[in-house]
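Participant: Give the three-dimensional model of this entry:
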Amino acid sequence: MPARSTAQQKAAGAALAAKRGEQPKGSLKGASKHMARSMTEDELQALAKTPHQALPDRKP
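Facilitator: Next up, the predicted model:
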């Protein structure tokens with residue numbers, strides 16, 4: 001499932017880093033905090049690796 005905006009991609013990347021232990025979970029806010037709790041590492045990786053050339057900054 002690809003990301004629909006660069007904001008969603010960045011949030012998934014932050015949540016993935018926290019899930020892997022590379023970043024403290026307490027530093028997450030908003031969407032990334034929710035993603036870290038509700039999504040698996042594989043789902044987060046699929047969102048985070050989406051090429052961002054054609055993505056809008058925010059979801060319309």
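
Participant: Centroid-nearest residue for the chain?
Facilitator: In the chain, the centroid-proximal residue (Cα atoms, centre = their mean) is residue 12; its distance is 0.5 Å.

Participant: That one contacts residue 52, correct?
Facilitator: No - Residue 12 lies out of contact with residue 52 (Cβ atoms under 8 Å); the separation is 11.4 Å. Glycine gets a C-beta too; all of them are placed from N, C-alpha and C.

Participant: Report pLDDT for the residue nearest to the centre of the chain.
Facilitator: On the pLDDT scale, residue 12 is placed at 95.

Participant: residues contacting it?
Facilitator: 3, 32, 35, 39, 44, 47-48 (Cβ atoms under 8 Å, 6 or more residues apart in numbering).

Participant: which secondary structure element contains it?
Facilitator: Using DSSP states H and E, residue 12 sits within helix 6-20.

Participant: same thing with residue 34?
Facilitator: With DSSP H and E as criterion, residue 34 is part of helix 30-38.

Participant: now the helix or strand following that helix against helix 30-38, angle please.
Facilitator: Using DSSP H and E, the helix or strand that follows helix 30-38 towards the C-terminus is helix 41-48. Relative orientation of helix 41-48 versus helix 30-38 (axes from the mean of the first three to the mean of the last three Cα atoms, to 10 degrees): 150 degrees.

Participant: Just the buried residues of helix 41-48, please?
Facilitator: 44, 46-48 (16 or more other Cβ atoms under 10 Å).

Participant: so what's the closest residue to residue 45 other than its chain neighbours up against?
Facilitator: Closest residue to residue 45 apart from its sequence neighbours, by Cβ to Cβ, 6 or more residues apart in numbering: residue 16 at 6.0 Å. By Cβ under 8 Å, 6+ apart, the contact set of residue 16 is 41, 44-45, 48.

Participant: repeat for residue 32
Facilitator: 10-12, 14-15, 18.

Participant: shared neighbours of residue 12 and residue 52, anything?
Facilitator: Common neighbours of residue 12 and residue 52 (Cβ under 8 Å, 6+ apart) are residue 3.
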